[in-house]
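Colleague: Below are the sequence and a predicted model for it; my questions follow.
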Amino acid sequence: MTPMDSFPKSNSVDIMLLLEGTFPYVSGGVSNWVNQIILAFPEYRFGAVFIGSTRGDYGEVKYDIPQNLVHLECHYLHDELAMPAIRPMAGNNSAFETVRRIHEWFLHPDPTTIDDALKTPDFYLDSNSGASFEQFLYSKKSWEMICDLYQERCSDPSFVDYFWTVRNMHTPIWLLAAIAKQLIPARMYHSVSTGYAGFLGALLHHNNGRPLLLSEHGIYTKERRIDIFSSDWIQDNRNALQKDPTEVSYYRDLWIRFFESIGRFCYGAAANIVSLYEEAREREINDGALRERTMVVPNGINISRFATLRRQRPDSPPQVLTLLGRVVPIKDIKTFIRALRLVANHLPEVQGWIIGPENENPEYAEECRALAESLHIASNVRFMGFRDPIEILPDTGVMVLSSVSEGLPLAILEAFAAGIPVVATDVGACRQLILGHGQEDEAIGAAGGVVSINNPHDLAKEALQLLENPPLWKRASQAAITRVERFYTEQQMFANYRQLYQRGIE
Amino acid sequence: MIRVVLLLVGVLCENAALKTLFSQQPVWTRLFLFFAFHLVAAVFLAFLLRLSLPRQADTKKWGTLALFFSFAFFIPIFGCLGMLAALIYFRFFLQFDARPEFFSVPMTPFMQESGGPAAGMGEGGAWSRLRSESLPRPMRLKALLAVGSSSGRNASRLLQFATSDNDDEIRLLAFNLTDQRGKVINKGISESLTSLQEAENSDKRLKHYRKLAFSYWELVFNDLAQQDLAEFYLSSALSYAVQALDIDGNDPNLLILLGRLHLRKGNIEEAEQAINSAMNKGAHRDRVVPYLAELAFLRRDFVTMKSYFEQNPLLRHKPGIGPVAQFWMG
């Protein structure tokens, strides 16, 4: 029996969670949050749809399946869709006219005015009334449309690349439509990101009329943008005469616009859009979310679980800097390693613990190891894989987050609850967490330091100050405890979500 | 007016030349007068023709004058008439056919979309755009991408500067572009360190020490590290360069690198020793003179410094040191 066969199945659920690349296969902040939410509402029967890239990208399930998660199904965007047999066909004229219109809409999008025909899964599945997958792949209409759009818009000379980019980019949409069509009924849908999961949520909402709640931890389109900028697989075939170095290559731009477009589709369908802090909310509004549907609900944690660790703290800080996060570029582990080199110049025995899975981007993990060697601190850096923070925090002197993008990191809240000061980059809600937000919060004092991204010098300086100055470390520790207990408890977060769920279900 | 005078004088002289040819005077006198009048007529008509040429055709003044004079003088009467007729025809009656097939081919859609001229903002333009946070994001992104497409330490500094931007998009793109730069060098360093551990003899060790010295220097030279981290890279480069030279002290390129590393660290004596040693071991003078000049400058020995530039006048035209040489050489 494969693990997937052993997942619980049900005929209906109260809340269907739509998860892309997170719970239950990937450990990390968002997955922990999902687990926390499911456990917090035993009165509701949850279902979950996990959307991944390919099965091989994910190992074993990382969480015990909660009792009230009564339905779980997993789908893989690049594995699952069987290619239909090739046969010539004309294609549905009116459906492709609709697709043309939507491509015009992409140029001047408005989430409230999207073409109704595209909102339901039937459009993608019924070859008589819509454009089926087979038609997308093999019909003359589809070919003509791709050719026309290439001529009108593509600034890259390679038609072959354009053709395959369009195919690869759009293929998951038909899979998501099929998932939406066969998914068991739910009283409401809750997506934890835009992207493919959000698109699925929008299709489900339009198909079944049940409300969609969207909680964004990071901003999906922004994070995709980072991935796309850093990816090597996207081609740029323009020669020196065609290339304008001040412009992003066409295919990168196309991929970015694709994710922005499906993001807007999701914003248009969501009844409530939750962000973790005010700046993220503003960003969502800029990206197409309607202001009146947005709200801020900060993360919160189970304080008591970590409060017991405070007793184990020594009087002076342990010489250990811990980074809790996946080993991926967005966490900028390299800056942490560089900073550790500078700290080691003063404290040669200092240790840098990197707690997080490496399987998501093994190439990057290898680069990080290479960097540690080139800086002659391979013996100071320990890549420890995924661990429960409870095991790590008592031996940690300072928690470090060197990310280039964050939401409101649970790792910081957990460190705070255990009385560990944090030095983090000035991204997401990190400044708000460490220095406070508003008069009452700021009066508590600094619970660590905030530095600009990609700045090992300042990161090392802040960490050193805390490691070498026990009274300062203790003050920061106390501020951390006070802040997390006052503003970031899970009870506060659950109260907000209880209201949202009640409203959605009723 | 001048053209009328030239034409009248030319025609009258040619006419006079013809008349004298058929006059009753002795043969030699007739011939002499004929050639004299014909010569004057040819000169005047040649000037007239040259003045009548369209401006864009008037590129070789004396060449065209000589050509017209030759026609007018060596083909009496008909040469001048033919030239005048040709000029009138070309000037007033010849119509150049337009060839629309060459420029009426429509541009392909993607060329129309991206056919605008590149921004050409220059380094200063990129700085000012990135500094002005009030500018629209697309304009600043363009500046950043332009910087990202160029190499060198100034570009690295600009990218580093942009990683502190308040705009998420700018900051993340700048970070990404910066990260790409150091990646290859760090990978090379790591490989060399591994190979160094496995190296069995001094020849192999020399190869890896050498590569490590240059790789660490590359990180510093391109400004891919700042402050203490740059200092660490510099010390590492120096340490590997010294170890490589312990095995083979005759490598002029490595000696130059050693000199540059000492220069960067402010060790003037050691730098000079290394640079002179490089020259003695066969380094080309053009390569070491800029460093000798820099050393002289640091010692405030401006006379010696100037003499280096004067001995090597070609330095004026070399990138990098060129403007410095021009400044000191006047």
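Modeller: On my side now, so go ahead. Numbering: from 1, shown residues only, chains lettered A, B, ... in the order given.

Colleague: give the contact list for residue A:172.
Modeller: The contact partners of residue A:172, by C-beta atoms under 8 Å, 6 or more residues apart in numbering or on different chains, come to A:77, A:78, A:81, A:196. C-betas here are computed from N, CA, C, even on glycine.

Colleague: swap the cut-off to 6 Å and go again
Modeller: Residues counted as contacts of residue A:172 (C-beta atoms under 6 Å, 6 or more residues apart in numbering or on different chains) are A:77, A:196.

Colleague: for the one 4 residues further on, same thing?
Modeller: Remark: with contacts taken as C-beta under 6 Å, 6+ apart, residue A:176 is in contact with A:199, A:200.

Colleague: Just the pLDDT for it.
Modeller: The model reports residue A:176 with a pLDDT of 94.

Colleague: Likewise for residue B:25?
Modeller: As predicted, residue B:25 sits at a pLDDT of 83.

Colleague: Can you get me a residue count around it?
Modeller: A count of neighbours around residue B:25, defined by other C-beta atoms under 10 Å in any protein chain shown, yields 12.

Colleague: Grab the nearest non-local neighbour of it.
Modeller: Counting by C-beta to C-beta, 6 or more residues apart in numbering or on different chains, residue B:33 is the residue found nearest to residue B:25 once chain neighbours are left out, at 7.5 Å.

Colleague: quick one: the one you found and chain A, what's the gap?
Modeller: The gap separating residue B:33 from chain A is 67 Å, by C-beta to the nearest C-beta, to the nearest Å.

Colleague: wouldn't that residue be in contact with residue B:20 here?
Modeller: Yes: Residue B:33 is in contact with residue B:20 according to C-beta atoms under 6 Å; the separation is 4.0 Å.

Colleague: Pull up the overlap in contacts between the two.
Modeller: Contact with both residue B:33 and residue B:20 is made by no residue, according to C-beta under 6 Å, 6+ apart.

Colleague: What is the burial count for the residue nearest to residue B:298 when sequence neighbours are not counted?
Modeller: The shortest distance from residue B:298 to any non-neighbouring residue, by C-beta to C-beta, 6+ apart, is to residue B:268 (5.6 Å). Neighbour count for residue B:268, taken as other C-beta under 10 Å: 14.

Colleague: Give me the buried stretch members for the longest helix anywhere in chain A, please.
Modeller: Assignment by DSSP state H gives helix A:159-182 as the longest helix of chain A. Buried residues in helix A:159-182, counted by 16 or more other C-beta atoms under 10 Å in any protein chain shown: A:161-162, A:165-166, A:170-181.

Colleague: now do stretch B:132-144
Modeller: By neighbour count on 16+ other C-beta under 10 Å, the buried set for stretch B:132-144 is B:140, B:141, B:142, B:143, B:144.

Colleague: related to what we said a few turns ago, which pair in the buried residues of helix A:159-182 spans the largest distance?
Modeller: Across those, the longest distance by C-beta to C-beta is 31.8 Å; it joins A:161 and A:181.

Colleague: returning to what we had before: what confidence value was assigned to the residue nearest to residue B:25?
Modeller: pLDDT for residue B:33: 89.

Colleague: Summarise which helices and strands the strand or helix carrying it is packed against.
Modeller: Element membership for residue B:33, per DSSP states H and E: helix B:27-52. Under the contact definition 3 or more C-beta pairs under 6 Å, 6 or more residues apart in numbering or on different chains; DSSP states H and E, helix B:27-52 sits against helix B:2-21, helix B:61-74, helix B:78-88.

Colleague: Give me the buried positions along that helix.
Modeller: For helix B:27-52, the neighbour count (16+ other C-beta under 10 Å) marks B:30, B:33-35, B:37-38, B:40-50, B:52 as buried.

Colleague: count of neighbours near residue 298?
Modeller: Since no chain was named, I'll use chain A. Residue A:298 has 21 neighbours, counted by other C-beta under 10 Å.

Colleague: was after chain B, sorry
Modeller: Residue B:298 has 14 nearby residues by other C-beta under 10 Å.

Colleague: For residue B:292, see how far away it is.
Modeller: To residue B:292, residue B:298 is 11 Å away according to C-beta to C-beta, to the nearest Å.

Colleague: now do residue A:383
Modeller: For residue A:383 relative to residue B:292 (C-beta to C-beta), the value is 48 Å.

Colleague: Those two: which has the busier surroundings?
Modeller: Higher neighbour count among residue A:383 and residue B:292: residue B:292, with 20 against 16, using other C-beta under 10 Å.

Colleague: residue contacts, the more buried one?
Modeller: Here residue B:292 is in contact with B:275, B:308 (C-beta under 6 Å, 6+ apart).

Colleague: After the helix or strand containing residue A:259, heading C-terminal, what element do we hit next?
Modeller: Secondary structure assignment for residue A:259, by DSSP H and E: helix A:250-269. Once the chain leaves helix A:250-269, the next helix or strand it forms, by DSSP H and E, is strand A:272-275.

Colleague: Which strands and helices lie in contact with that following strand?
Modeller: For strand A:272-275, the packing partners by 3+ C-beta pairs under 6 Å, 6+ apart come out as strand A:212-216, helix A:278-286, strand A:294-296.

Colleague: Residue A:256 is nearest to which of those?
Modeller: Closest of these to residue A:256 is helix A:278-286, at 14.7 Å (criterion: C-beta to C-beta).

Colleague: so what does that closest one touch, helix or strand wise?
Modeller: Here helix A:278-286 touches strand A:272-275, strand A:294-296, going by 3+ C-beta pairs under 6 Å, 6+ apart.

Colleague: Pairing partners for the last one, with directions?
Modeller: When you say that, I think you mean strand A:294-296. Paired neighbours of strand A:294-296 in the sheet (DSSP bridges): strand A:272-275 (parallel).
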